[in-house]
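Enquirer: next one to model:
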Amino acid sequence: MARESEGISAGAGERGTWIVVLLSAVWIRWAVGLAGWSGKGISPMYGDLEAQRHWMELTLHVPVHKWYEYDLQYWGLDYPPLTAYVSLVCGWIGSRIPGLSQCFAFVTSRGAENRSLVTYLRATVLFFDALVYIPAVLFFLSRRLHGRGRRTRSIAAMTILLQPSLVLIDHGHFQYNSVMLGFCVGAFSLLYSSLPNPDLPFFSAPVASASDPSTETALAQQTEWQTRTRNLSRRVSYDYVLAAFFFTLALCFKQMALYFAPAVFAIMLGRCAGLARVGFERGLICFTGIGAVTLITTLVLFSPWLYSPSALFQVIHRIFPLARGIFEDKVSNVWCFLSVLPLPQRYKLRNLFEVSSLAKVSLIATLLAILAPCAHLYVAASQTVTIEMFLNEGKGAKAAREKLARQRGEGSVMGRSAGGRSAGRSERRDRTRSILSVPGAPARSEAGASEGGVAPSISGAMSNTGSLFGSSKLTTVGDQEVASNTPSPAASVLPYALLNTSLAFFLLGFQTHEKSILLPLVPLSLLITVKGDEWGGGGGKTDFEWAMLGNNVAVFSMWPLLQRDGLTLQYLVLNFLWNWSAGYNPFLALQSRRKSLVGWTSAMAHAAILALHLVEVLLPALAPGLAAHVYDRYPDIHPVLNVLLCTPLFGLIWVWAVARQVEVGVGCGIDPTAFLRRSSKKRATSHMATNRRQELAKQE
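Expert: Numbering: from 1, shown residues only. Next comes the predicted model:
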């Protein structure tokens, strides 16, 4: 009874914790929404709130095939169709609420900003946050932090859900980025797979003796476990197909999700290639499933414009407008950084290159920056399949079945002869199991090396505690779970690869604006656990420091935009609250005896941010004449200084993320040269076959 009461109280305490976390996330979002918004009272174009309201009006009154052609000079629709469908639903509901119908009237409603309309629009953003983004984040944490304590999971959830940049942009400035990001996080969650549990009976149990009457029973039990681990591998492939669906929804809601596309494509292609090496039809089925889901979803969403190539081209042209320029406003990326350097006009980018030439340079630079992280992720996904297949094939059980068949057909003498071979296989199986279950063991197994694959070394014990909402295991039988708490090599490097590709797109990509930094912040924030996290060798501690630094620099990079929107108070309070609740002090590292790169960088970066804020506030107050002279000559001096500070810091974070991805890959036993060795082996085999055919031809 005492244990039952303890379990009930623990469950009630955990539910209470999550209620507090979720209510806090909702309340802070609504509080931020009480402030100003983009373009408030600034006619004739107003801002993003008017753009979203206008799209609701447009989709409600204009035929669907004209959506991307109607009045392009006044907030013409330039997002993919899923955004338009969401606008249609919101406009339809809003037009039927008493007192709001005139706010969605055709043409005459332009510029409407009454309080009831703003409240309704704010509520729609909060609704989609609760419907898509918040569940996706909790689902990801339930898979990544399975087996961790309640404190770790709750702090991580609170820190991610209160990320200042996204809250200020969506609920202050006003946009629906959380819908696209929620679909992306849902896809990432499904791609975050675990390895099979090496403590399963058929991995650890010895092969039954041929003369043992319980052999058939033991084999039946081992076969059951083997079937369940094979089902686990199939379930992972099904998750990849479902991830393709969610990621396609993200792409069809906002085209900025393309920042993640190379990494998502690499991990999916790597799994298909790994399955194809096991059995070509398995890889083909997985590839076909992913491709079919992606194609069908896209065709369904774009179906109203498929009747005419010109109509479809107009949609694509609106979604990807190359004529706008390589960046907008003062954004902290490489191209804007080079443009604001104090150089003579003839050396400015706009005077050296045409827009089309800059687009090509941007494309080449971006592709070069994402090539290595994506190739590394591809290899990790491919070798993950090798590990799964080695475990799922159940080498020991297979040997026992062969032994039993020979015993029945040929007698006990052959059975004893086969037993020696089974014992050898069992010994190799035990060595592999020790690599998978003992921390600090060698990363590579003999069997994995023979197939060009690798087995990951495991940091930490295989805990069987509950996940965020209970068990997140794919398969559970009795007290034994088929999936372990150990993420696969592909899952381990996935967040870093997503960060690398999205940040490379932000720094080097074409048509970038300051809000695009929200995309790299997603994988960066998903790395956050708790301050000083020593789990898995202490890597989480470093990830926490870099993630907090990156988030603070990112929200500062959007300060000019937030200031124009009247969000100064929300910017200051939410930043302070977020850093305080996470326990982050950027200057604490200076008091440590061992000063790290991230510690020094964080301290200097935050000192520079505080200095720029103080100058912006104190200079007009203490020296108004000097301030007027400086601002007359350099009206954009504060945005320019912002770019000059933030861009190098983003570049440093990208360098760290690339190095960290390689480090995590090495820790998981990923062998980047395996693919090259297989290619070299295939070329050598092909060359030998060609020489052999030539020799036979000469002999004839």
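Enquirer: please count neighbours and contacts with C-alpha atoms only from this point.
Expert: Will do.
Enquirer: I'd say L508 and A365 touch.
Expert: Yes - L508 is within contact range of A365, at 6.5 Å (criterion: CA atoms under 8 Å).
Enquirer: now the strands: where do they sit in this protein?
Expert: Per DSSP state E, the chain carries strands over the ranges 194-196, 476-477, 480-481, 483-487.
Enquirer: and those strands, which one is worst for confidence?
Expert: The minimum mean pLDDT among the strands of the chain belongs to strand 476-477 (a mean of 47).
Enquirer: show residues contacting stretch 512-527.
Expert: 160, 163, 165-166, 169, 181, 185, 256-257, 259, 326-332, 495-496, 498-500, 502-503, 506, 540, 543-544, 547-548, 550-551, 554, 557-558 (CA atoms under 8 Å, 6 or more residues apart in numbering).
Enquirer: what average pLDDT does that stretch get?
Expert: On average, stretch 512-527 scores 94.
Enquirer: what's the first-to-last distance across it?
Expert: One end of stretch 512-527 to the other measures 24 Å (CA to CA, to the nearest Å).
Enquirer: also stretch 59-76?
Expert: 11 Å.
Enquirer: quick one: contacts of that stretch?
Expert: Under CA under 8 Å, 6+ apart, the answer for stretch 59-76 is 45, 51, 54-55, 58, 77-78, 84-85, 87-88, 91-92, 106, 304-305, 311, 314-315, 318.
Enquirer: for that stretch, buried residues please.
Expert: By neighbour count on 16 or more other CA atoms under 10 Å, the buried set for stretch 59-76 is 59-61, 64-68, 75-76.
Enquirer: include distance to N575 and pLDDT when you put these into JSON lines, please.
Expert: Converted to JSON lines, the buried residues of stretch 59-76 look like this (distance: CA to CA, whole Å; pLDDT from 0 to 100):
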{"residue": "T59", "distance to N575": "37", "pLDDT": "97"}
{"residue": "L60", "distance to N575": "38", "pLDDT": "96"}
{"residue": "H61", "distance to N575": "41", "pLDDT": "96"}
{"residue": "V64", "distance to N575": "42", "pLDDT": "96"}
{"residue": "H65", "distance to N575": "44", "pLDDT": "93"}
{"residue": "K66", "distance to N575": "43", "pLDDT": "94"}
{"residue": "W67", "distance to N575": "39", "pLDDT": "96"}
{"residue": "Y68", "distance to N575": "38", "pLDDT": "96"}
{"residue": "W75", "distance to N575": "32", "pLDDT": "94"}
{"residue": "G76", "distance to N575": "34", "pLDDT": "94"}
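Enquirer: closest one of those to G566?
Expert: For these, the residue nearest G566 by CA to CA is W75; the value is 22.0 Å.
Enquirer: now do A621: how many residues are near it, please.
Expert: 11 (other CA atoms under 10 Å).
Enquirer: ugh, typo on my part, it should be V598
Expert: Neighbours of V598 (other CA under 10 Å): 19.
Enquirer: again, but for the one 5 residues further on
Expert: Applying other CA under 10 Å, we find 18 residues neighbouring A603.
Enquirer: now the buried members of the contacts of stretch 512-527.
Expert: 160, 163, 165-166, 169, 181, 185, 256-257, 259, 326-327, 330-332, 495-496, 498-500, 502-503, 506, 540, 543-544, 547-548, 550-551, 554, 557-558.
Enquirer: closest one of the buried residues of stretch 59-76 to A375?
Expert: Using CA to CA, those come closest to A375 at Y68, 36.9 Å.
Enquirer: need phi/psi at the closest one.
Expert: Phi and psi for Y68, reported as degrees, to the nearest 10, are phi -90, psi 10.
Enquirer: how close does it get to G149?
Expert: Taken as CA to CA, the span from Y68 to G149 is 50 Å.
Enquirer: now do V640
Expert: Using CA to CA, which is the criterion applied here, V640 is 44 Å from G149.
Enquirer: which residue of the two possesses the greater neighbour count?
Expert: V640 (19 against 13).
Enquirer: show me what contacts that one?
Expert: Contacts of V640 (CA under 8 Å, 6+ apart): 330, 340.
Enquirer: what pLDDT does it get?
Expert: 94.
Enquirer: one step back: more neighbours: which of L508 and A365?
Expert: Counted by other CA under 10 Å, L508 and A365 do not tie: L508 has more neighbours, with 24 against 16.
Enquirer: so D78 sits against M256, correct?
Expert: No - taking contacts as CA under 8 Å, D78 lies outside contact range of M256: 11.8 Å.
Enquirer: out of the helices and strands in the protein, which is least certain?
Expert: Lowest mean confidence among the helices and strands of the chain (mean pLDDT, DSSP states H and E): helix 446-450, at a mean of 33.
Enquirer: what bits of this protein have low per-residue confidence?
Expert: 1-13, 197-232, 322-328, 390-484, 534, 536-538, 674-700 (pLDDT under 70).
Enquirer: at 80 what do you get?
Expert: Low-confidence regions of the chain, defined by pLDDT under 80, span residues 1-14, 195-233, 321-330, 345-356, 388-485, 511, 530-539, 589-595, 671-700.
Enquirer: wait, isn't V555 in contact with S165?
Expert: Yes - here V555 lies in contact with S165, judged by CA under 8 Å, at a distance of 5.1 Å.
Enquirer: from the contacts of stretch 59-76, keep the buried residues only.
Expert: If you count burial by 16+ other CA under 10 Å, the buried members of these come out as 45, 51, 54-55, 58, 77-78, 84-85, 87-88, 91-92, 305, 311, 315, 318.
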